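> Model the following, please.
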Amino acid sequence: SSESRELELSGGKVEQPKLNAGVVADEIFEPPKRFICSESFPPEATVAVRLEPNKASSLVTSLPYGSEVLATAARGTYLQFKLDKGQNNEVQYVWVPRVLDGLVLFVEKSDPVKVEKDAEAAAAVASTEEAILEQQDQIQRFQLWWAEGKGKEAAGLHPMLSLLDAAVLADIIAAGANYHNCLSADRLDALQRHTSKSNGPGLEALQRALQAKGGAKSQARAVGSVIFKEAMDMFKNPPAEMSKSSLATSSESRELELSGGKVEQPKLNAGVVADEIFEPPKRFICSESFPPEATVAVRLEPNKASSLVTSLPYGSEVLATAARGTYLQFKLDKGQNNEVQYVWVPRVLDGLVLFVEKSDPVKVEKDAEAAAAVASTEEAILEQQDQIQRFQLWWAEGKGKEAAGLHPMLSLLDAAVLADIIAAGANYHNCLSADRLDALQRHTSKSNGPGLEALQRALQAKGGAKSQARAVGSVIFKEAMDMFKNPPAEMSKSSLATSSESREL
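Predicted coordinates for the structure are as follows:
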């Protein structure tokens, strides 16, 4: 199964290699480069060699500690090399991981100083994957929250969402990225009429989206994105007027932008745990990259969803008392009975360093790198979300049925159960009842076929029925997702219609 981590150290049973469909390398080594085991390669371990640079590919052999690799190419954290099969002088190109979960396995013989950089790159990959999983989980909780009717009250209080028919709004939120499937030309026309009659605040983004060019499909995507984002923001930061019952599962977290907009009434500060306390306080000044004509928003909490308190112009100085993420906390004198309020301002925004410590301006470069890493994480999150939504749509259209019948694990499942698991996303406990888990247990205990080990382990998960359902659902979802990315060669062309993109190598 294709999990979020790279290939593992393993010396397991050698599988029959799959046909190599061809891999596009990130870098070709001409002449080849020699790599040797690093000092961090465990002496007792072996590392798996695969036909392609991904965990789902067939295992060809394994390399022990002390091996040398004459690499001809690289893709991601993998190295390609020639393997002599010893049959009629036949040579095969295979792949081995250079870095695994922050552990550097191979270093270039002529340049061992690359160890540190490779470890940093692997750590960045792991951080991105964690952020992707966290974002996926939040979206699924939001969709479940809305499906349970908890967003209805909040939508009635929203200037944009209150214009929409409840059924249309529910369809948009359930659709995820596939807005063109629920926003027909008639629905877009109706929205156009509603917004043209209203001059209320908060409709500018929707009005711009309704003017999007590129045809009905592009317009539907633009409109759907705006509406989904507004509803998601409301889930994270519900209006103060909402009843407690509707707030049951709403949460928070997003970045802040340069803004000079209208000052909102601050919300009550529920308290923020700082990453670092400055004792004594540190003085920060505007960096050279702070646009002279801009102002930066000051918020009650260190996230974009928090209330806007005021804004700071170019040339401002901040006496910071604490930091959280890329935000600085400072005291703001409200001028009312000498009242003081703790507020937050971003130090780095979208790769742009706004404030630097007065005594240490050399931190600019490091802050810019950190901000670039955040931007890269957000792009990866959006790409992963889109791929999952396309996969769920592909399955809902029945295109995964044929492939499931060819799969050693998925072919054991009832089609309705499989469809429920894939539609559920992370909420597997809602569709995998105790009866369904018992039936799966009986099926797998009778079968000794290959490819069932992960499912059998998941069925033994501890922690009660809910934990077991999550473990089993995760294994099945990942297997089906891998099949979408890498469909079996036996599948018909019609079933491959939408599975041709986003394939991971």
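
> Sketch out the helices for the stretch 101-250 of the chain, chain order is fine.
Assigned by DSSP state H, counting those that start in this stretch, the helices in the stretch 101-250 of the chain fall at 114-147, 152-156, 166-175, 185-197, 204-210, 216-236.

> how many other residues sit next to the spatially closest residue to residue 107 that is not a sequence neighbour?
Of all residues not flanking residue 107 in the chain, residue 38 sits nearest, at 4.7 Å (Cβ to Cβ, 6 or more residues apart in numbering). All C-beta atoms are positioned from the backbone trio N, CA, C, and that covers glycine. Neighbour count of residue 38, defined by other Cβ atoms under 10 Å: 18.

> okay, residue 38: pLDDT?
Residue 38 is assigned 89 on the pLDDT scale.

> Report the central residue of the chain.
Centroid check for the chain by Cα atoms, centre = their mean gives residue 132 as the closest residue, at 1.9 Å.

> Redo the helices of the stretch 101-250 of the chain as TSV? Include mean pLDDT and distance to residue 348.
Formatted as TSV, these follow (pLDDT from 0 to 100; distance: least, Cβ to Cβ, whole Å):
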stretch	mean pLDDT	distance to residue 348
helix 114-147	70	16
helix 152-156	82	32
helix 166-175	85	32
helix 185-197	82	36
helix 204-210	83	25
helix 216-236	84	22
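
> between the ones you listed, which one is nearest to residue 479?
For residue 479, the closest of the helices of the stretch 101-250 of the chain is helix 114-147, at 17.1 Å, according to Cβ to Cβ.

> quick one, helices of the stretch 251-400 of the chain?
For the stretch 251-400 of the chain, the helices defined by DSSP H, counting those that start in this stretch occupy 364-396.

> in it, what spans have low per-residue confidence?
251-271, 335-338, 359-376, 378 (pLDDT under 70).

> Endpoint to endpoint, stretch 299-314 covers what distance?
Taking Cα to Cα, to the nearest Å as the measure, stretch 299-314 stretches 17 Å from start to finish.

> for that stretch, which positions count as buried?
Applying a neighbour-count criterion of 16 or more other Cβ atoms under 10 Å, one finds 299-309, 311-312 buried in stretch 299-314.

> Between the two ends of stretch 284-304, how far is it?
Stretch 284-304 end-to-end distance (Cα to Cα) = 21 Å.

> Equivalent analysis for stretch 307-321, please.
End-to-end span of stretch 307-321 (Cα to Cα): 20 Å.

> Stretch 195-203 too?
7 Å.

> how much space between residue 379 and residue 308?
According to Cβ to Cβ, to the nearest Å, residue 379 stands 26 Å off from residue 308.

> quick one: low-confidence parts of the stretch 401-505 of the chain?
425-426, 449-450, 490-505.

> Show me where it has its helices.
Using DSSP H, counting those that start in this stretch, the helices of the stretch 401-505 of the chain run over residues 401-405, 415-424, 434-446, 453-459, 465-485.

> Strands of the stretch 251-400 of the chain, start to end?
Along the stretch 251-400 of the chain, the segments classed as strands by DSSP state E, counting those that start in this stretch run 276-286, 295-299, 308-313, 317-324, 327-333, 340-346, 348-349, 352-353, 355-357.

> how much space between the nearest residue to residue 306 once chain neighbours are set aside and residue 331?
Using Cβ to Cβ, 6+ apart and skipping the chain neighbours, the partner closest in space to residue 306 is residue 299 (4.2 Å). Note on residue 299: its distance to residue 331, by Cβ to Cβ, is 15 Å.

> ok, now residue 30?
Taken as Cβ to Cβ, the span from residue 30 to residue 331 is 60 Å.

> same thing with residue 47?
Distance of residue 47 to residue 331, computed by Cβ to Cβ: 54 Å.

> now swap in residue 474 and tell me
46 Å.

> swap in residue 74?
Using Cβ to Cβ, one obtains 51 Å as the distance from residue 74 to residue 331.

> Likewise for residue 389?
Between residue 389 and residue 331 the distance is 44 Å, computed by Cβ to Cβ.

> Also residue 352?
Taking Cβ to Cβ, one finds residue 352 at 25 Å from residue 331.

> Could you tell me how many residues sit around residue 187?
By other Cβ under 10 Å, neighbour count at residue 187 equals 18.

> Residue 167 is in contact with that one, correct?
No - judged on Cβ atoms under 8 Å, residue 187 makes no contact with residue 167 at a distance of 10.0 Å.

> related to what we said a few turns ago, between residue 47 and residue 331, point out the one with more neighbours.
Each of residue 47 and residue 331 has its neighbours counted (other Cβ under 10 Å); residue 47 has more, 24 against 14.

> so which strand or helix has the more buried one?
Secondary structure from DSSP states H and E places residue 47 in strand 46-50.

> for that strand, what is the average pLDDT?
The model assigns strand 46-50 a mean pLDDT of 91.

> Now do the same contact list for the residue nearest to residue 407 when sequence neighbours are not counted.
Nearest residue to residue 407 in three dimensions, chain neighbours excluded: residue 483, at 6.2 Å (Cβ to Cβ, 6+ apart). Neighbouring residues of residue 483 by Cβ atoms under 8 Å, 6 or more residues apart in numbering: 400, 403, 404, 407, 410.

> Residue 447 too?
Residue 447 neighbours (Cβ under 8 Å, 6+ apart): residue 412.

> burial of residue 89, as a residue count?
Counted with other Cβ under 10 Å, residue 89 comes out at 7.

> Taking the buried residues of stretch 299-314 together, which two end up most distant?
305 and 312, at 19.3 Å, using Cβ to Cβ across the buried residues of stretch 299-314.

> Surely the residue nearest to residue 306 is in contact with residue 344?
Yes - in this structure, residue 299 is within contact of residue 344 by Cβ under 8 Å, at 5.3 Å.
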